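Chemist: All I have is the shape, not the residue letters:
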């Protein structure tokens, strides 16, 4: 089954649709994703290790929850759906909007809505998408930055979280 994404302009307005396979490989087709950064009550950050079968960044550590928006979804709806799909959590949990960012690289272009959730688990990882889940301390995150274990997108997101004071010191 082909997955369809809405294509957006520079103002994040929907201007069309394209198949996933068209979007991944054509950075001119800007589409939307939602991320949820999940913190434990003691300030650790939950990350997912992407499945070795993923088409983009297989086997790398990434944001706990991330996924493309379905046609007609807004960022929050997509984030809540992905929470259930990827971590087995209720879509009714309290999400906090953090920021919108842009991912631009040679493979794809995404506008990302980033939300925050505080939750200690338990989690039920989506086996087809995630090989492992684990909480990282801020010192562990800092030590791993730049070593190639994180997706480039996570590296950018961590820098923004730190710059805006969302990562505890």
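Modeler: Here it is on my side, so go on. Keep in mind the model is a prediction, meaning the values are calculated, not measured.
Chemist: in this structure, which helix or strand is least confident?
Modeler: helix 20-23 (a mean of 91; mean pLDDT, DSSP states H and E).
Chemist: which element follows it toward the C-terminus?
Modeler: The first helix or strand that comes after helix 20-23 along the chain, using DSSP states H and E, is strand 30-39.
Chemist: Could you check the angle the first helix or strand past that following strand going along the chain makes with strand 30-39?
Modeler: Next along the chain after strand 30-39, taking DSSP H and E as the criterion, comes strand 45-50. In terms of direction (axes from the mean of the first three to the mean of the last three C-alpha atoms, to 10 degrees), strand 45-50 departs from strand 30-39 by 130 degrees.
Chemist: contact partners of the next helix or strand after strand 45-50?
Modeler: Tracing the chain C-terminally past strand 45-50 and defining elements by DSSP H and E, one meets strand 61-63 next. The contact list for strand 61-63 (C-beta atoms under 8 Å, 6 or more residues apart in numbering) reads 35-37, 47-50, 144, 149-151, 153-154, 157. Quick note: C-beta positions are derived from backbone N, CA and C, even for glycine.
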